Structure formats: C-alpha cells, structure tokens
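Asker: Mind folding the following:
(2 chains)
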Amino acid sequence: MAEQLVQPTAPTDGMPVPKTEAEAEHTHGGVHDPNLHHSPEQIKKEIRVYLIVFAALAVLTAITVYACYGLKMPVHIAIAIALVIACTKGFLVAGFFMHLLSEKKLIYSVLALTIFFFAVLLWGPWHHWADMIGHQ
Amino acid sequence: MEHAHAAAHAEEHHDFEIPYNVHPRPDTGLYNAKLGIWLFLASEVMLFGALFSSYILLRTSAPTWPRGWEFLNVGLATANTFILIASSVTVVLAWANLRLGNLKWGRIFIGMTLACALLFLVNKGFEYRHEFVEHRLPSTNNFMAIYFTMTGLHGLHVLGGVIVFAYFIGPGAKMWTTDRARYTNRIEVCGLYWHFVDLVWIFLFPSLYLM
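Answerer: Next up, the predicted model:
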C-alpha cells in the first residue's frame, strides 16, 4: 500500500478524520483521487511505462540529430522533421511524465486557455510571414 | 488549565494552516499545490511563448539566418538533451518510490536528478565559454541575441530546479518523518516543474541548433 494511503486526514484540511485505514483509502474530501489509490503493483507498472517513454525519447532525439545534423537536410525539411519529432516528444513528456492523459478537468481548462493565448502569440509572426509572401 | 491552553494553541495553529495540501479540494478535485503549479506553468508557457514568437519573427524577417549547427556545439547540446530526458525519468521515479514508501530510493533518484541538472549547467557553461572565446556575444547578431536570451532563461530555470531539489534531498526531507503524503506531493509538484523545463528544452534544442 502506498505510504500516503495511511496518512490520516488532517483536521486542518477541514475534513472528518477517517476511523480506519480502509476508510482513509476511500475518503479524500469526498473526491476520488487516482494518485492516492494506486496499489504498489500499479505503481510498478507505471515505472515500466516511464522507462519505455524514456527509451522512446532517447531514440527520437537520436533520430532528430541524425536527420537534421547528420544528413544536413535542407532547411524546410529539417524544420518539418524537427517540429514533428519535438511535438511527439512533447506529447510523451506531457502525457506520461506529467500525467496529462489522466488529469482532472480543471487542469485541461487551464491548459486550453493557455493554448489559446499561446496561439495568439504565434499568430503575430505567422501573420507577418504570410504578409511578406503576399508582397514577394 | 494546561489542557485548555493546548487546545487554544491548537486552534490558533489551525487558523494559520493552509488547507488541502495533501487531500484534494472537493470543488477542484486537486490539492492546492498541484493547481498552483499548473497555473504557474501556464504563466511560464506565456513567458517562453513570447520568446519563441520573437524568435520566429526575427528569423522570418531576416534576409539570411545562420543554421546553428554551423558553429554551435551540437554534440554538447545533444548530450544535454539526453541528460535532461534522463533527469525527467529520475524525478518521476523518485515520486513513484516515495509513493511506494521508499524514502531511500526516493532520495537517490532526487539526487540523480540534481546531478543531471548540475551536469547540464556545467555543459552549458562550457558552451557559453566557447562562444565568448570565439567572440560570439549577444551583441554580435540577432541569432546570438535570441540564443543567449532563450538558453540563459532556460538555464536560470534549471538553476531554480537545482536549488529546490537540493532542499528536498537535504533539510526538506525531514517532512517525511512528520507528513509523508505532503512530502510526496511536494516532489510531484517539483517534478511537474522539472518536466516543463525539459519540455522547453525539447523545443529549444532543434530550434537553435538543428534548423
């Protein structure tokens, strides 16, 4: 059992103190928190996933360097390859290491807002670039 | 009398205790620090996003733009990429071991993360030194200006991670004896920050060195 499961609910949390360990396991302020309910077997499975993701990230890094630096690709191809691989690596880090694949809705809402404003930031140079093409 | 004093003290302590630092709030479904770090990371996305936006603007506006690998040290930067990826794994393994109740391996993995972060900074130092020796300074051209700005800001974030991990492997680890769940949550929050630092480098590395 993960150690944090045996932590009694602190009265300072404003929550009732569970009477037993089993009760503590299922009472977290009335909210189900997957991180607090993982068994050692599940955590060990997660560790295997982390190591697989690590291997994938290492391979993708090697491919990026070989394709863009080793083969001295033309700029536009190098940019396309590097961006596709960087986005894949970003997905692996955010999805598995940061657990975004199984996160709470509120986090997704915060990130949706962030992505919107990030897109606004990138729209500026994109608009500038598209404008230059029109004048060429 | 003594009992009443203790109760008053406890009540006073209760007033200043930050709630939901272990258990999730019923309304958000998250413990406070986790929501807090995600909001902080959202602001960090905007900070680095503005710099990436500037980089694209400078590059698309310039009649010619150098390719980083022509003069930057790609070997050292590639090594740094592997180091940061490795540190992302070690920090998540530290968290997993703490959840298993294994402080010893938790600390070992935090130590490995710290070592990776320091190694990254040492390599970065060698890179900067080489650029300075070759008289490639932030004032040399727009490429070098954005290179030093973005890698410098990223390096400061790595340094921030070094300080935090050094604290949690040392004096901060005392919390394990008093509040294991809270200590474990703190490592999770540090890990989220550290993964973000890795994520930024994943995009910085090809943008500056390979394209």
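
Asker: By residue count, which helix of chain A is the longest?
Answerer: When chain A is parsed with DSSP state H, its longest helix is helix A:105-135.

Asker: anything in that helix sitting right up against chain B?
Answerer: Yes: counting by CB under 8 Å from any CB of the partner chain, contacts between helix A:105-135 and chain B involve A:105-107, A:110-111, A:113-114, A:117-118, A:121-122, A:124-126, A:128-129, A:132. Any C-beta I mention is one placed from the backbone N, CA and C, and that applies to glycine too.

Asker: Any of these buried? List them.
Answerer: A:L106, A:I107, A:V110, A:L111, A:T114, A:F118, A:L121, A:P125 (16 or more other CB atoms under 10 Å in any protein chain shown).

Asker: Tell me where the model's unsure across the chain.
Answerer: Using chain A. A:1-37, A:133-136 (pLDDT under 70).

Asker: nope, chain B please
Answerer: Low-confidence segments of chain B (pLDDT under 70): B:1-16.

Asker: so B:R136, which of the three states?
Answerer: coil (DSSP: H, G, I helix; E, B strand; the rest coil).

Asker: for it, what are its contacts?
Answerer: B:F71, B:M144 (CB atoms under 8 Å, 6 or more residues apart in numbering or on different chains).

Asker: let's see it at 6 Å
Answerer: B:M144 (CB atoms under 6 Å, 6 or more residues apart in numbering or on different chains).

Asker: Quick check: phi and psi at it.
Answerer: phi -100, psi 100 (degrees, to the nearest 10).

Asker: I'd like to know how far B:V189 sits from B:V158.
Answerer: The spacing between B:V189 and B:V158, counted by CB to CB, to the nearest Å, is 17 Å.

Asker: A:P125 contacts B:S54, correct?
Answerer: No: under the criterion of CB atoms under 6 Å, A:P125 is not in contact with B:S54, lying 8.0 Å apart.

Asker: and chain A, what are its domains?
Answerer: Listed domain ranges for chain A are A:1-37, A:41-102, A:104-136 (source: automatic domain parsing).

Asker: Can the longest one be said to contact chain B?
Answerer: Yes: for a cut-off given as CB under 6 Å from any CB of the partner chain, domain A:41-102 has contacts with chain B, namely A:43, A:47, A:50, A:54, A:57, A:61, A:64-65, A:68-69, A:78-79, A:82, A:86, A:89-90, A:93, A:97-98.

Asker: for chain B, what spans make up the strands?
Answerer: Counting by DSSP state E, one finds no strands in chain B.

Asker: Show me where it has its helices.
Answerer: Under DSSP H, chain B gives helices at B:2-16, B:32-61, B:74-99, B:103-133, B:142-169, B:175-178, B:180-205.

Asker: and B:P24, which of these is closest to it?
Answerer: helix B:32-61 (8.2 Å; CB to CB).

Asker: Show me how far that closest one is from its chain's centre.
Answerer: Its chain's average C-alpha position is 14 Å from that of helix B:32-61, according to CA atoms, centre = their mean, to the nearest Å.

Asker: about what we covered before: for the buried ones among the residues of helix A:105-135 next to chain B, which one is nearest B:V74?
Answerer: A:P125 (25.2 Å).

Asker: With adjacent residues omitted, what lies nearest to B:M150?
Answerer: Once flanking residues are discounted, B:M150 sits nearest to B:L51: 5.3 Å by CB to CB, 6 or more residues apart in numbering or on different chains.

Asker: So B:V189 and B:V158 - more neighbours on which side?
Answerer: B:V158 (22 against 19; other CB atoms under 10 Å in any protein chain shown).

Asker: Near A:M98, how many other residues are there?
Answerer: Residues lying near A:M98 (other CB under 10 Å) number 23.

Asker: List the buried residues in stretch B:25-39.
Answerer: In stretch B:25-39, residues buried by neighbour count (16+ other CB under 10 Å) are B:R25, B:T28, B:G29, B:L30, B:Y31, B:N32, B:A33, B:K34, B:L35, B:I37, B:W38.

Asker: would you turn those into CSV with distance to B:C116?
Answerer: Listed next are those as CSV, based on distance: CB to CB, whole Å:
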residue, distance to B:C116
B:R25, 34
B:T28, 32
B:G29, 32
B:L30, 28
B:Y31, 27
B:N32, 29
B:A33, 23
B:K34, 24
B:L35, 28
B:I37, 20
B:W38, 24
